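Colleague: My questions are about this predicted structure, shown below with the sequence.
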Amino acid sequence: MSVEESQRDAKNAVSALEQIETGTFATPSWVIFPPNSVRVVSWNINRGLHLDRIIEFLAGAKADILLLQEADQNARRTHHINVAKKIAQKLRMNCAFATEFQELTQGSRTSPAYHGQVTLSRWPLSNCRIIRFEEQTNFWRPHWFLPEIPPFQERI
């Protein structure tokens with residue numbers, strides 16, 4: 001790979017990290033009286049590896065808002081599906097997916113894989129944005145001396 005190709009790939013990855021993918025799958029309805037309570041579920045879904053069981057649990061939880069961490073998008077290990085979109089469609093909820101990083105070993109140059117956070121809601125989502133930590137560890141960054149095993153996967 002040439003230096004120019006490498007720089008272009010890095011620029012595209014950074015651009016993808018700033019985008020939020022949204023989807024509207026909830027059935028539109030009028031809310032005449034706001035609910036007196038809201039059920040929220042937050043869960044690290046471990047990439048969506050056991051997606052059918054995850055969807056089954058979330059459907060039974062009957063939550064109004066779901067906050068899901070570690071969702072894959074187009075990763076080889078989860079059969080190149082968009083985990084957030086699949087859950088939103090099955091549960092008929094609106095969703096917003098924010099990329100945390102690009103998984104370099106799970107996709108390809110022409111079809112990159114991403115990993116991120118998902119917000120799902122029975123109500124419309126608007127003004128979605130990403131708020132990143134200003135300071136965090138860099139243990140996940142690629143290093144020449146780390147093997148390509150799950151704890152050390154290369155990421156942007």
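Modeller: Yep, that arrived.

Colleague: May I ask you to confirm that Ala71 belongs to a strand?
Modeller: Yes - according to DSSP: H, G, I helix; E, B strand; the rest coil, Ala71 belongs to a strand.

Colleague: State the pLDDT value of it.
Modeller: For Ala71, the pLDDT comes out at 97.

Colleague: quick one, what contacts it?
Modeller: When contacts are counted by C-beta atoms under 8 Å, 6 or more residues apart in numbering, Ala71 is found next to Ile45, Arg47, Gly48, Val83, Ala84, Ile87, Phe97, His115, Gly116, Gln117, Val118. Any C-beta I mention is one placed from the backbone N, CA and C, and that applies to glycine too.

Colleague: Could I get the buried residue list for stretch 92-102?
Modeller: Residues of stretch 92-102 classed as buried by neighbour count (16 or more other C-beta atoms under 10 Å): Met93, Asn94, Cys95, Ala96, Phe97, Ala98, Thr99, Glu100, Phe101, Gln102.

Colleague: any residues touching that stretch, and which ones?
Modeller: Outside stretch 92-102, the residues touching it (C-beta under 8 Å, 6+ apart) are 13, 16-17, 19-27, 66, 71, 73, 82, 84-85, 87-88, 112-125, 128, 130, 140, 155-156.

Colleague: Filter those residues down to just the buried residues.
Modeller: Using 16+ other C-beta under 10 Å as the burial test, these include 13, 16-17, 21-23, 26, 66, 71, 73, 82, 84-85, 87-88, 112-122, 125, 155-156 as buried.
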